[in-house]
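Colleague: Just to be clear, the model below is a prediction. Sequence and coordinates:
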Amino acid sequence: MLHMNQYNEFFGKNSWICFIIIIWTLFWKGYSLWIASKNDQKKWFIALLIFNTIGILEIIYIFYFAKKKWSDVREVFSKSFWSKKE
């Protein structure tokens, strides 16, 4: 119980760390799930959806199993979602 109190106290005082972890995780999880669904890899999709590894499993999947490069990741997220389509 002592460890849980320390955990709550730490993140209570440093809530910005939780925010950064959440953004980091959402970024990698979203991109990895998108790739798994595009590649019709149902087992990977389920594994990535269920296990929360703070982006570690997602990064391994993206760069090792899906064989994506950093330029691929940057290209997807450099496009503006709010730009007007011509």
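Modeller: That came through fine.
Colleague: all contacts plus neighbour counts: C-alpha atoms, from now on.
Modeller: Will do.
Colleague: any idea which element residue 73 lies in?
Modeller: In the assignment (DSSP states H and E), residue 73 maps to helix 70-78.
Colleague: quick one: average confidence on that helix?
Modeller: For helix 70-78, the mean pLDDT works out to 84.
Colleague: Just checking the distance from that helix to the centre of its chain.
Modeller: Put simply, helix 70-78 sits 14 Å off its chain's centre (Cα atoms, centre = their mean, to the nearest Å).
Colleague: Send me the helix ranked longest in the chain as CSV with only the CA atoms.
Modeller: Selection of the longest helix in the chain by residue count, based on DSSP state H, yields helix 15-38. Extracted in CSV, the C-alpha atoms of helix 15-38 (Å, rounded to 0.1, in the frame of the first residue of the first chain):
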residue,chain,number,x,y,z
SER,A,15,0.5,15.5,-13.7
TRP,A,16,2.3,16.8,-16.7
ILE,A,17,4.2,13.6,-16.9
CYS,A,18,0.9,11.6,-17.2
PHE,A,19,-0.1,14.0,-20.0
ILE,A,20,3.1,13.4,-21.9
ILE,A,21,2.9,9.6,-21.5
ILE,A,22,-0.7,9.6,-22.7
ILE,A,23,0.1,11.6,-25.8
TRP,A,24,3.2,9.4,-26.5
THR,A,25,1.1,6.3,-26.2
LEU,A,26,-1.8,7.5,-28.2
PHE,A,27,0.5,8.5,-31.1
TRP,A,28,2.2,5.1,-31.3
LYS,A,29,-0.8,3.0,-30.6
GLY,A,30,-3.0,4.8,-33.2
TYR,A,31,-0.4,4.6,-35.9
SER,A,32,0.4,0.9,-35.2
LEU,A,33,-3.3,-0.1,-35.1
TRP,A,34,-3.8,1.8,-38.4
ILE,A,35,-0.9,-0.1,-40.1
ALA,A,36,-2.1,-3.5,-38.7
SER,A,37,-5.6,-2.9,-40.0
LYS,A,38,-4.3,-1.8,-43.4
